[in-house]
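**Q** Quick one, what's the 3D model for this:
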Amino acid sequence: MNEEELKKQAMQFHEMVGDDLFWFSVSQNVMTMESDRRKFEQLALAILDYFDCDRCCKCCLEMPIHLNDADLERIFPLDGTAIFDKLDENEVDNYLKTPCPYLNGDTCTIYDARPTSCRMFPFVVIRPVPTLQLCPMGKQIFESFKALARKYGKKDLKVEWEEGASEATLHDHKQNAEKKAVYVALPIPILEQFLKYLRAENR
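**A** Numbers count the residues shown, from 1 in each chain. Down below sits the predicted model:
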């Protein structure tokens with residue numbers, strides 16, 4: 001379903017139920033999305049405790065890095081107003097320029113204050129489904145999940161995960177070109193199951 005069809009359906013629903021119920025439904029959807037985002041963030045960070053980054057810097061060099069309000073508040077004392085010069089002017093929301101201007105060689109110069117999206121990588125939200133980017137660390141996490149799924153006999157989850165494999169196209173404004181970022185779709189129930197596997201394996 002394309003954007004125009006979605007808008008048409010939303011307008012029809014608005015006309016059918018009226019203002020109060022329409023905006024109540026919208027607010028409920030927003031709250032659900034925010035709840036899912038927080039749950040995804042918590043699960044991703046908990047899973048990442050079991051893995052080490054290979055420091056390939058692929059995320060810093062190629063991925064658009066989003067800054068939420070908490071990120072801006074955390075980085076501002078370190079960089080002052082210079083942070084605004086590092087934002088991508090082609091983006092509507094707050095995204096750092098690519099490659100990340102805070103990367104020096106293979107070292108993050110604001111590591112302790114790094115954005116939430118960096119802390120979560122290679123877990124990324126590509127709407128509407130949370131995903132795992134298959135950088136070297138992402139591949140390690142993916143292989144670990146498949147091995148644990150086989151060990152604990154949850155073949156149905158392994159298949160569901162593998163069927164989510166796809167490619168995301170990222171637009172690089174600086175080079176005016178497109179890059180391919182391979183990822184696997186990662187529904188929250190699968191993440192929850194994966195975390196259980198990891199905890200069982202590391203008791």
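**Q** Report the residue ranges of every domain in this structure.
**A** As given by automatic domain parsing, the domain ranges for the chain are 56-120, 122-203.
**Q** Next, the distance between the ends of the last one.
**A** Think domain 122-203. 25 Å (C-alpha to C-alpha, to the nearest Å).
**Q** and if you look at the shortest one?
**A** Here the two ends of domain 56-120 are set 15 Å apart, with distance taken as C-alpha to C-alpha.
**Q** Format the domains of the chain as CSV; extra columns: mean neighbour count.
**A** Backbone N, C-alpha and C define where each C-beta goes, glycine included. Shown next, in CSV, are those (neighbours: other C-beta atoms under 10 Å):
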stretch, mean neighbour count
domain 56-120, 15
domain 122-203, 16
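**Q** which stretch in these has the least confidence?
**A** Across those, domain 122-203 has the smallest mean pLDDT, namely a mean of 72.
**Q** Could you list every helix and strand that the helix or strand Pro189 falls within packs against?
**A** Here Pro189 sits within helix 188-201, counting by DSSP states H and E. For helix 188-201, the packing partners by 3 or more C-beta pairs under 8 Å, 6 or more residues apart in numbering; DSSP states H and E come out as helix 3-48, helix 136-151, helix 155-163.
**Q** re the thing from before, out of the domains of the chain, which comes closest to Lys39?
**A** domain 122-203 (5.9 Å; C-beta to C-beta).
**Q** which ones are touching the residue nearest to Glu41 when sequence neighbours are not counted?
**A** Closest residue to Glu41 apart from its sequence neighbours, by C-beta to C-beta, 6 or more residues apart in numbering: Met120 at 6.2 Å. Listed by C-beta atoms under 8 Å, 6 or more residues apart in numbering, the contact set of Met120 reads Glu41, Ala44, Leu45, Leu48.
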